[in-house]
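Visitor: Sequence and predicted structure, then a few things I'm wondering about:
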Number of protein chains: 2
Amino acid sequence: MTELTGATLLGSRDLAGAATFRAVDPATGIELEPAFTEAGPAEVAEAAALAAAAFPLYRATTPEARAAFLDAIAANIEALGDALIARAARETGLPVARLTGERARTMGQLRLFASWVRAGGADEPRLDSPLPARTPLPRADLRLRHIGIGPVAVFGASNFPLAFSVAGGDTASALAAGCPVIVKGHPAHPGTSELVGRAIRAAVREAGLPEGVFSLLTGTAHELGGALVADPRVKAVGFTGSRAGGLALCRIAANRPEPIPVFAEMSSINPVFLLPAALEARAEALATGFVGSLTMGAGQFCTNPGLVIALSGAALDRFIASAATAVAAAPAATMLTPGIAGAYAKGVAALEGSADVTEVAHGAEGGANACRPALFVTEAAAFLREPVLSHEVFGASSVVIRCANADEMRAVAGGLEGQLTATLHLDPADHLLAAALLPVLEDKAGRILANGWPTGVEVCHAMVHGGPFPATSDPRSTSVGTLAIRRFLRPVCYQDLPEALLPAVLRTKNPLGLPRLVDGTPVRTGEAQ
Amino acid sequence: MTELTGATLLGSRDLAGAATFRAVDPATGIELEPAFTEAGPAEVAEAAALAAAAFPLYRATTPEARAAFLDAIAANIEALGDALIARAARETGLPVARLTGERARTMGQLRLFASWVRAGGADEPRLDSPLPARTPLPRADLRLRHIGIGPVAVFGASNFPLAFSVAGGDTASALAAGCPVIVKGHPAHPGTSELVGRAIRAAVREAGLPEGVFSLLTGTAHELGGALVADPRVKAVGFTGSRAGGLALCRIAANRPEPIPVFAEMSSINPVFLLPAALEARAEALATGFVGSLTMGAGQFCTNPGLVIALSGAALDRFIASAATAVAAAPAATMLTPGIAGAYAKGVAALEGSADVTEVAHGAEGGANACRPALFVTEAAAFLREPVLSHEVFGASSVVIRCANADEMRAVAGGLEGQLTATLHLDPADHLLAAALLPVLEDKAGRILANGWPTGVEVCHAMVHGGPFPATSDPRSTSVGTLAIRRFLRPVCYQDLPEALLPAVLRTKNPLGLPRLVDGTPVRTGEAQ
């Protein structure tokens, strides 16, 4: 196993600072070795200077070179072997099987972005032919490609120590776009972060890329992240975390002399609508599936089903009874950090203290920092009246909303804030009601599921892990899947440039063989243009 | 001719307010009839409520319906005939020939967006096939399309009373995206705005669309625009104007409870590099072309060439001498508004007052609100030292920068702020120097031209009218060309939705026949999938 040093990684340089912090094993509360450096403004400035210096060279790499680099990062992470999983398990309390799956997903998304870059997904070239004989004015020769926006700051998330952290989705899409990345590692898993950071650094070195393509800043202070977002050399930000944290970064970015985009994925309660025919047909099976999704990973998913909406009646009573039994039987699970466990307990206590809400079940007491699953029931009128009922409680807590009729169900849908997901359980007899709900849900959520559960986010071309505010700070984007690369790209147009000076991807003979949009028509690899 | 009423257009309702303002003929300073309503917060709220009510219906229209609506707007503008041109000429001081060309461009861009929507450019559908046998977990059926983001606020620009105003590029792309539009008309051409606004309103009615798809707010107060951007029902903003104005709107948008994107096109001085061989070969011809581009339309273009960079020497002296002669002979032209004429005079006076700058020519004195073209020369060292020399002077003023050598030329390029355009005049012998400048210019500008002039922006697929800050507030976008539609779209993913509930564009049999990305591969119209 690579020895952990606790250093902040500034390009190829290790920096060991005087002030330090340690990871905590959430299952025991015990501090873990080694001590990690508290990076500060000087380290932000150094990482940003290295990234700015690396940017012109890195963005000029060919699609193939960038893809090979992403593949090498995946291979280097794989080569870390069980040591990575073991350290991540100690730092996060997450089970080994879950972390093993998450590692596979992390490598999978690096490789998917590699294949997407090879397929021209970063460049998206467009060519419009000159029209020299057009009147009253001829048309010039116009060609467009996309290039990286500049150095990107990525904030590691606590709840996916691999897939949304140092080599997670934001890092993969920014590197795929041709942008150097400065990661602000999440302080809950600094050892995991260092291992992955060193794997990326090794890939940078092996590929002969400039060292500033990647840096990893360690630290616990909010000021560290603030300084990173404020640095004039940073041109975009990717963040997954709390609403307060995301909004704070958005404000810093918007108030810079040069404002920059922040892609913050923040808060979602992921409503699940149980439509009448489906509920009648399989209330108990739905309850089992629901509690499985709710309690998986101690409910620490952005897509955790925090709200269930259904019509009052015997079928819903059966669902609630079955779900209550399953919740009561659910084991307590260690949460990621003492802070998250504390916030969960506080959120559950707020619901327990609400006169509008009935607690129908809670799980067993657990050890230190454990999540005790909880299930509540309320009425639609109360939900529409009380904003506290739509606040995210990060963890395995959910509220069932009884609706008197379909109109109330639609009103609940219409009263939702923006969401990452919205789910419909439905049978053919429910299609009419589903068709009435769908337009409302499309305006509220980035992903709409039928007869499934929102936890589990496929990494592919058609995925959207995003949605209207406050699910994210910019609904025009996704943090998962190949569409995410557009966050970090900007278009550049070349007018009448001599062939010899054009970027390869735009040359007439298409030497890279990428698909292009020619006079508005898609032309694929290898086709005559 | 349609009779002008001076009303604010709130959906299908005319509102005539108590407080009014009038357009001014900039050539004479005389106020024009009729009086126009000063809309206020109540009108913002009404327009926003209408737009929010119209949004679900409007965004659900088929691509064909939306395209036909855009075509109808173009036809209705055409049907206004010479009355539109005559009113625009009086309100702006722009020549009839220029306005006639601008009208053609305005109709052309509406029709281009219509064709792009018909071609699937709004939906950009993506389908990933289910993998039921995949281990350890099957893959769901995932399908993605784009939908409108919501009501869009568009700020009309003063300098393109047709092409960047009420039915300009931002309006066309937002309507194409399925977003209702609320235009805040520019107070310098309210009559032109009303004529075009009524043409759009008629198209809304003829298409049977909800009235809130379009409203036009008239008024002169900054508070009107601020209230519009702050309204919670508005989901994005398009703006073309000053840096101060654009940044003010960005701040308002960023500090809303729900931040929204602002696409502000603000400030650019459009550097032109005259490389040595080209300059040596045709200094005089370049000077003629340059002064033509500089003085066209009194220099009131975002892409006006405000900076010329070349190596010191006899060839540059010839260029300067020829350009000085042409500038001295250039007639004064009426500027759009007294405010713009005053700002131009102030900007030129600041350059005249700078010890670092020599005025080599100015044009003849003109009448009221005339732009007197001006040409200045300075040294690279002074340009790099004095920020005032890189401030935009909106109008026909330009500064020639003498560089001692190629390194200084590169330093000037590197010291530029973000630009809409950067131009290279070059011969084959200049390719080596051009290749060294290009990577710097790509990071500074949205469009790079060779052997042309930056004024004149083609409306097509490969155009970028955008660029890094302060040229725009978001370099990941363009305000001209079909790529602009992405500003106002957001992706939505459908997971395992029954075929009957899927949007038509995502159904398996592809009933709309649009091109789609299937498992990462582009599949064109009519092809088997």
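Guide: On my side now, so go ahead.
Visitor: Which residue ranges make up the domains of chain A?
Guide: With domains defined by automatic domain parsing, chain A comprises A:42-130+A:139-266+A:478-486, A:271-450.
Visitor: in the stretch 251-400 of chain A, what residue is nearest chain B?
Guide: Nearest to chain B in the stretch 251-400 of chain A, going by Cβ to the nearest Cβ, is residue A:254, at a distance of 3.3 Å. In this view, the C-beta of every residue, glycine as well, is placed from N, C-alpha and C.
Visitor: Please determine how far that residue is located from residue B:251.
Guide: Taking Cβ to Cβ, to the nearest Å as the measure, residue A:254 falls 7 Å from residue B:251.
Visitor: if you count what's nearby, which of these two comes out ahead?
Guide: residue A:254 (20 against 15; other Cβ atoms under 10 Å in any protein chain shown).
Visitor: what kind of secondary structure is the spatially closest residue to residue A:391 that is not a sequence neighbour in?
Guide: Closest residue in space to residue A:391, ignoring its immediate chain neighbours: residue A:347 at 7.2 Å, by Cβ to Cβ, 6 or more residues apart in numbering or on different chains. Secondary structure, DSSP: H, G, I helix; E, B strand; the rest coil: residue A:347 is helix.
Visitor: cool, residue A:171 as well?
Guide: Residue A:171 ends up helix, using three-state DSSP.
Visitor: List the contacts of it.
Guide: Listed by Cβ atoms under 8 Å, 6 or more residues apart in numbering or on different chains, the contact partners of residue A:171 are A:154, A:181, A:183, A:200, A:238.
Visitor: wait, residue A:428 sits on residue A:281?
Guide: No: with contacts counted by Cβ atoms under 8 Å, residue A:428 stays clear of residue A:281, the gap being 10.6 Å.
Visitor: which one of these two has more residues nearby?
Guide: Per other Cβ under 10 Å, whichever of residue A:428 and residue A:281 has more neighbours is residue A:281, with 14 against 11.
Visitor: Tell me the pLDDT of that one.
Guide: Residue A:281 is assigned 98 on the pLDDT scale.
Visitor: and the residue nearest to residue A:391, what pLDDT?
Guide: 95.
Visitor: do the same with residue A:390
Guide: 87.
Visitor: now it: how far from residue A:358?
Guide: From residue A:390 to residue A:358 the distance is 17 Å (Cβ to Cβ).
Visitor: The two: which is more packed in?
Guide: residue A:390 (19 against 16).
Visitor: quick one, what contacts the more buried one?
Guide: By Cβ under 8 Å, 6+ apart, residue A:390 lies in contact with A:269, A:307, A:383, A:415-417.
Visitor: One more: residue A:126?
Guide: With Cβ under 8 Å, 6+ apart, residue A:126 has these contacts: A:143-145, A:516-518, B:461-462, B:483.
Visitor: what about 7 Å?
Guide: When contacts are counted by Cβ atoms under 7 Å, 6 or more residues apart in numbering or on different chains, residue A:126 is found next to A:144, A:516-517, B:461-462.
Visitor: How about residue A:41?
Guide: Applying Cβ under 7 Å, 6+ apart, the residues near residue A:41 are residue A:227.
Visitor: In chain A, where's the longest helix?
Guide: Longest helix in chain A, counting residues (DSSP state H): helix A:96-118.
Visitor: Do whatever helix or strand residue A:433 lives in and chain B come into contact?
Guide: Here residue A:433 sits within helix A:431-442, counting by DSSP states H and E. Yes: contact of helix A:431-442 with chain B (Cβ under 7 Å from any Cβ of the partner chain) involves A:431, A:434-435, A:438-439, A:442.
Visitor: Give the buried residues for that helix.
Guide: A:433-434, A:437-442 (16 or more other Cβ atoms under 10 Å in any protein chain shown).
Visitor: Repeat that for stretch A:84-95.
Guide: A:84-85, A:87-94.
Visitor: One more: stretch A:410-421?
Guide: Quick answer for stretch A:410-421 (16+ other Cβ under 10 Å): A:410-413, A:416-421.
Visitor: With stretch A:375-390 instead?
Guide: Quick answer for stretch A:375-390 (16+ other Cβ under 10 Å): A:375-384, A:389-390.
Visitor: try stretch A:99-115
Guide: Quick answer for stretch A:99-115 (16+ other Cβ under 10 Å): A:99-100, A:102-103, A:105-107, A:109-114.
Visitor: what's the closest of the residues you listed to chain B?
Guide: Closest to chain B, out of all of the buried residues of stretch A:99-115 and judged by Cβ to the nearest Cβ, is residue A:112, at 8.8 Å.
Visitor: Now do the contacts for the residue nearest to the closest one when sequence neighbours are not counted.
Guide: Closest residue in space to residue A:112, ignoring its immediate chain neighbours: residue A:459 at 5.8 Å, by Cβ to Cβ, 6+ apart. Listed by Cβ under 7 Å, 6+ apart, the contact partners of residue A:459 are A:105, A:108-109, A:112, A:480-481.
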